[in-house]
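Chemist: Need a 3D model of the following:
(chains A and B)
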Amino acid sequence: MRSFTRGGGLLSLALLLGCYRGGPQLAEDDDTGTAGNEETSAGDETDGEDEGDMSPLQPLHRLNRLEYDNTVRDLLGTSLHPADAFGPDAEANGFDNMAEQLTLSPVLLDGYAKAAHDVIADAIDLRPVFSVRFASEGLGAPGGYPVGNLWALTGNAATVAFEIAQDGDHELILDAGASIIGPAAAPEAAFELDGVVIAGFGVQGSAATPVAHIQPVTLTAGPHTLRVIPTNWVNDAVANTSNNVLVAGLSVRSVATTYGPGRGLVYVCEPAMSPDPANCYAIVIANFAYRAWRRPLSADEETSLVQLWATLRAQGETDDDALRLVMRTIMTSPKFFYRMRTVDDADDGEWLDDFVLASRLSYFLWSSMPDDRLFAMAEDGRLATDEGLSEAVAFMLEDPKAGALVDGFAEQWLSTRQLGNASPSPDVYPGFDDELRSAMAQESRLLFGDYLTSGAAVATMVQPDFTWRNDRLAAHYGLPPVGSTEMVRLPAGAQDRRGILSLGAWLTVQSDAEHSSPIRRGRWVSDRLLCSPVPPPPAGLQIDPVELGDSESVREALEMHRADPQCSVCHTLLDVLGIGFEEFDGVGRLRLDAPIDNRGALPDGREFNGAAELAGLYANDEAFVDCLTKKLFTYAVGRAPLSFDTPYLDEAVARVAADQGDLHALVDAIVHTPGFRSPAALEE
Amino acid sequence: MRSATTRRRFLVGAGSATLALPALEYFAPREAKAATTGPRLLVYYFPNGRRPEWWAPVATPGGLVFPTQANALQPFANQVLSLVNLTNLAALGSPGAAHAMGTGTIMTGSTIPDVAGGVLYNNVSLDQLVVQQTAPDTRFSSLQWSAGEPGPCDVGGSSCAYTQSISWTGPASPLVTTIDPKVAFDRLFGHGLDGLEGPAAELRRQSLKSSVDFVRDDARALQARLGHEDSLRLEEYFTALTELEKTLAPPAECAAMPQPPIPGLPYPERVAAFHQLIKLAFQCEQTHVLSFMIEFGLSGRSHDFLGAPGAHHALSHFGDEVGRARLELVETWQAQQLAGMLQLLRDTPGTRGGATLLDETIVLAIASMGEGNGHDHGHNCPLLFGGTGVIQANGSQIAFPVEAPQPLSNLHVTLLEAYGIQGAFGTNGAIFGDHGTASIPGILV
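Modeler: Residues are numbered from 1 along each chain as shown, chains lettered A, B, ... in the order given. Model (predicted):
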């Protein structure tokens, strides 16, 4: 029977009060002692997955948007982000990389097909040696205004500056459409290069269908200024007559071309220089399929892919077009955008197939495909061993691609991703602008990112000896300036604002538009930090609107929750946790007005005054490491922890806490758990 | 479909079976009817509930009169069928997360057992059941669009799938909406052939077909080598591939010259752009079944352009007069949007024998719940428009008493009947969802 001492008894009290997913009756039934976290209790209730010995399923796992973009970056060298056009990924357990949630709809497959076309072209087609593009405010036409993604010049000249590295022939391209209202003349414009008008032209196209207006020029190396001047702008409001130039983009590009950034990755031999071009194409195809499908091909797969290329050629496509079509085919196969296990996998007892494991590792730590080192270890059969795993983790965390742990894990764990959608009221918080939003986002990312490199114990995340800040953020927090618009790392001590609990990003996200929200903050803390998420309100609840008068303090207003036994069950936990953060207003600023009622309490009775004291209760506490481990494990395996995982995770937590383990140690421990690296039964 | 009461036995018996898989054997269409000249279906969805006193028309001797906040709909008072007090029993009976539950079940009528369990478990939605049973031969069997922007999802860690989709093809298969009008346009009138024209386009069409045939065969071979549950799960790939293949077909000739929407439009213009696309999709016979979400469930959108700042969801739980006034502005604007859509349909001549597109289409305007403040699943007041000759959208109202509302799923049952679909598709022998057992009298002609 597990002890309930972890977390200061928060969970035991929660169980007694019946405040957890599933309702009160579970308190009477649950004597299995596996209620160490909410997820396992729910597991007992709703499905048979935690049947003790059976390793939980590792189902088909579709790539999410971050993973798709990173994968095409590494597969093809492209810097495009095709996943921006994909629909949203469903989330569960606080993350968007949960296997069960990632379904495939026809719209998404359409998106995959288009994305494959676009990234392959970007990677290997010819492109100008020099190319620069200006759009929107970058056009330097401040008197204009946006129309969708276009910029209406409204009689103002667009003025841009650029620098050419090499003399040569170039093209000036104005992507624009014409807007004509009433009997106005069609708009005309002129290109002025370095102070000299070199061409005048009529603007074709429309807002929905801009046209490329191309002017060839010869440019010398060095800086240049280009202006686009509307020459016959008309705006007669009375007569309802006007014309306008709507600019999608203004570009300059060289006529000289070079291959895209992925050419070398894809063309492992050059057909034009090969004695047997067809064989070279076969090698290129096989190499691409191996990397795209993340494992060696079977003889059949290789033969049929090469046969497809030959068929396309026979139907009339050129060699290179046929290659691109085969590459698109490879990327439209489920073998590309799903991670999977098959009956052919070389599982070995307690160890997954090396290639399956390589993908699990790379998508955990890099949100991307394996690299050559991982493939090499997999080919040698060295990866699926204790030493191999640790060796891989070590070089993977050293690699800059490990920044994906910030993009994927930290941004979701710390709610930084939602900061983009947060809309604090401009009336109440007029100072909340994009610059502040950006600074807050960076603050969270840099705090977590620090633990990737510094070797500090993860248990110090609530009370680290450093903080990251820039002038804007310092001003917002009411702190002395740091002397930089860029974020800088500062030492922090007991009196300083520091640690996860004082991050502006989550405090803002977990607030309402016009004031702080103790309920949402209490919920965030109980889920993210204590791993005891509170279930939603019970069914059929009549919620009467709360009249929040000025005279009542927030605490008193929330008292009403605790008057009703149906509500108090959970709000006893949430409200008093959240009230402890009332020192921070709806945008994470310290309140300096009248004494703030900041007295929070944990359900076990321990009181705290403000975030700093709460941090003190959890600094270096195994309970915090336990919850962080569970969150990171969830992210790593794409499912919530189940009772099967509990003993292994407990062991990992105990070891990391005892050794003052850093993030590397935690990651290493997680990938060694059976839930991560052992095969689950493949039901036939 | 799945049977709620035998669920536990089924799962224990199947060992580590996950709930997420469509049980394919249940999807064999029963008495499938060939595509007939049945009406189109447009589901127009509103998030965060709609207050009945600002939405439901009042019956007067002179006909139905919409309240001030919905008087934009008054021009359609003689083409509406107003339903008052339908109860979404599936959402009522479910634990919390009212928006996930309300939105998730509004077209499926099946209780979601655990919104935050990490495993998706809903049911086929009405519009997708119509697709599955009538097998329309349009280029797209159905389309799902939204002007919304994905935001935080419901409480307790519930899956965003429940607030971001109202159309489901199976228990674990929500249809993800397209949120960019330009992308929707391209899919309809598109770019599918790599920007080529003439003989080069024909060659490319043939090549892309070869590519699709290849991945299909290759994926079938893969399916045989997957574990049992994964191989079932892969079926959604084959469904998607069939739809992809359809987009390779040349788009239908359409008399209307479609103008693509400008990329990057702000929210109100996006709503308008989608309205135009809905009209075009119908007019150009691209689909007969379309669902449109004006925003996602639990929407926190701040309607600054209306002078009603503040997250919509927060406004729906207004605590004071200021909030209430802003909510009124939002709900009024949304009614105006619906009116705009109806106007477009009414202004366009019919293509299948009806006088106008509106005559040929059943428009179901429905919110995730009744009054948003109390999460009132028990008093939803959907509106039906159009569908001339099939439904009695002729200025009538079927109102149930507040204390004895009618199950919402009986509306779904009625609509199934409107499409001539017979059979029991719900749980435990129900016709639809958990509680849809009989059609509501007075709706069908």
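
Chemist: A:Thr311 touches B:Ser210, doesn't it?
Modeler: Yes: using Cβ atoms under 8 Å, A:Thr311 makes contact with B:Ser210 at a distance of 6.1 Å. No exception for glycine: its C-beta is placed from N, CA and C like everyone else's.

Chemist: A:Trp293 and A:Ala286, how far apart?
Modeler: According to Cβ to Cβ, to the nearest Å, A:Trp293 stands 11 Å off from A:Ala286.

Chemist: cool, A:Thr311 as well?
Modeler: Counting by Cβ to Cβ - A:Thr311 and A:Ala286 are separated by 17 Å.

Chemist: next one: A:His515
Modeler: Counting by Cβ to Cβ, the gap from A:His515 to A:Ala286 is 61 Å.

Chemist: What of B:Ala365?
Modeler: Going from B:Ala365 to A:Ala286 by Cβ to Cβ gives 55 Å.

Chemist: So A:Asn97, which state does it fall into?
Modeler: coil (DSSP: H, G, I helix; E, B strand; the rest coil).

Chemist: can I assume it is in contact with A:Tyr635?
Modeler: Yes: using Cβ under 8 Å, A:Asn97 is in contact with A:Tyr635, at 6.6 Å.

Chemist: neighbour-wise, which of these two wins?
Modeler: Between A:Asn97 and A:Tyr635, counting by other Cβ atoms under 10 Å in any protein chain shown, A:Asn97 is the more crowded of the two (28 against 23).

Chemist: Can you report how many residues lie near the closest residue to the more buried one other than its chain neighbours?
Modeler: With sequence-adjacent residues excluded and distances taken as Cβ to Cβ, 6 or more residues apart in numbering or on different chains, A:Asn97 is closest to A:Asn64, at 5.1 Å. A count of neighbours around A:Asn64, defined by other Cβ under 10 Å, yields 25.

Chemist: Check A:Ser242 too.
Modeler: 18.

Chemist: Enumerate every residue touching it.
Modeler: A:Ser179, A:Ile180, A:Ile181, A:Gly182, A:Ala184, A:Val234, A:Asn235, A:Asp236 (Cβ atoms under 8 Å, 6 or more residues apart in numbering or on different chains).

Chemist: cutoff 6 Å now
Modeler: By Cβ atoms under 6 Å, 6 or more residues apart in numbering or on different chains, the residues touching A:Ser242 are A:Ile181, A:Ala184, A:Val234, A:Asn235.

Chemist: Can you tell me which of the residues you listed comes closest to A:Met377?
Modeler: Comparing those against A:Met377 with Cβ to Cβ places A:Ile181 closest, at 65.2 Å.

Chemist: Quick check, pLDDT for B:Gly157.
Modeler: What the model reports as pLDDT for B:Gly157 is 61.

Chemist: now A:Phe409
Modeler: As predicted, A:Phe409 sits at a pLDDT of 97.

Chemist: Need phi/psi at residue 356.
Modeler: No chain was given, so I picked chain A. Phi and psi for A:Val356, reported as degrees, to the nearest 10, are phi -60, psi -40.

Chemist: Let me rephrase: I mean chain B.
Modeler: phi -140, psi 170.

Chemist: from memory it sits against B:Leu344, does it?
Modeler: No: if you go by Cβ atoms under 6 Å, B:Thr356 and B:Leu344 don't touch, sitting 10.0 Å apart.

Chemist: any idea how far A:Asp380 is from A:Ala237?
Modeler: Distance from A:Ala237 to A:Asp380, by Cβ to Cβ: 75 Å.

Chemist: now do B:Gln397
Modeler: Distance of B:Gln397 to A:Asp380, given as Cβ to Cβ: 75 Å.

Chemist: Give me the more crowded residue out of the two.
Modeler: Neighbour count, other Cβ under 10 Å: between B:Gln397 and A:Asp380, B:Gln397 has more, with 18 against 10.

Chemist: and that one, what does it touch?
Modeler: Contacts of B:Gln397 (Cβ under 6 Å, 6+ apart): B:Ala59, B:Ser82.

Chemist: and it, helix, strand or coil?
Modeler: Per three-state DSSP, B:Gln397 ends up strand.

Chemist: got it, and A:Arg497?
Modeler: Put simply, A:Arg497 is coil when judged by three-state DSSP.

Chemist: That one: neighbour count?
Modeler: By other Cβ under 10 Å, neighbour count at A:Arg497 equals 20.

Chemist: My guess is B:Ser159 contacts A:Ala90. True?
Modeler: Yes: here B:Ser159 reaches A:Ala90: they are 5.3 Å apart, a contact under Cβ under 6 Å.

Chemist: between those two, what contacts are shared?
Modeler: With Cβ under 6 Å, 6+ apart, B:Ser159 and A:Ala90 have common neighbours A:Gln101.

Chemist: ok, now which ones touch residue 421?
Modeler: Because you didn't say which chain, this covers chain A. Applying Cβ under 6 Å, 6+ apart to A:Asn421 gives the contacts B:Gly151.

Chemist: wait, chain B
Modeler: Counted by Cβ under 6 Å, 6+ apart, B:Ile421 has contacts B:Gln133.

Chemist: and it, what are its phi and psi?
Modeler: phi -90, psi 120.

Chemist: ranges for the strands of the stretch 501-650 of chain A?
Modeler: For the stretch 501-650 of chain A, the strands defined by DSSP state E, counting those that start in this stretch cover A:599-601, A:607-609.

Chemist: In which helix or strand does the residue most central in space within chain B reside?
Modeler: When chain B is reduced to its mean C-alpha position, the nearest residue by Cα atoms, centre = their mean turns out to be B:Ser291, at 3.5 Å. Counting by DSSP states H and E, the element that carries B:Ser291 is strand B:289-293.

Chemist: now swap in B:Trp333 and tell me
Modeler: Here B:Trp333 is assigned to helix B:321-347, by DSSP H and E.

Chemist: Skip the chain neighbours and tell me the closest residue to A:Gly449.
Modeler: A:Val406 (4.9 Å).

Chemist: do A:Leu250 as well
Modeler: Counting by Cβ to Cβ, 6+ apart, the residue nearest A:Leu250 is A:Phe134, at 4.7 Å.

Chemist: Also A:Asn609?
Modeler: A:Asn598 (5.2 Å).

Chemist: ok, now B:Val130?
Modeler: Nearest residue to B:Val130, sequence neighbours excluded (Cβ to Cβ, 6+ apart): B:Tyr419, at 5.4 Å.
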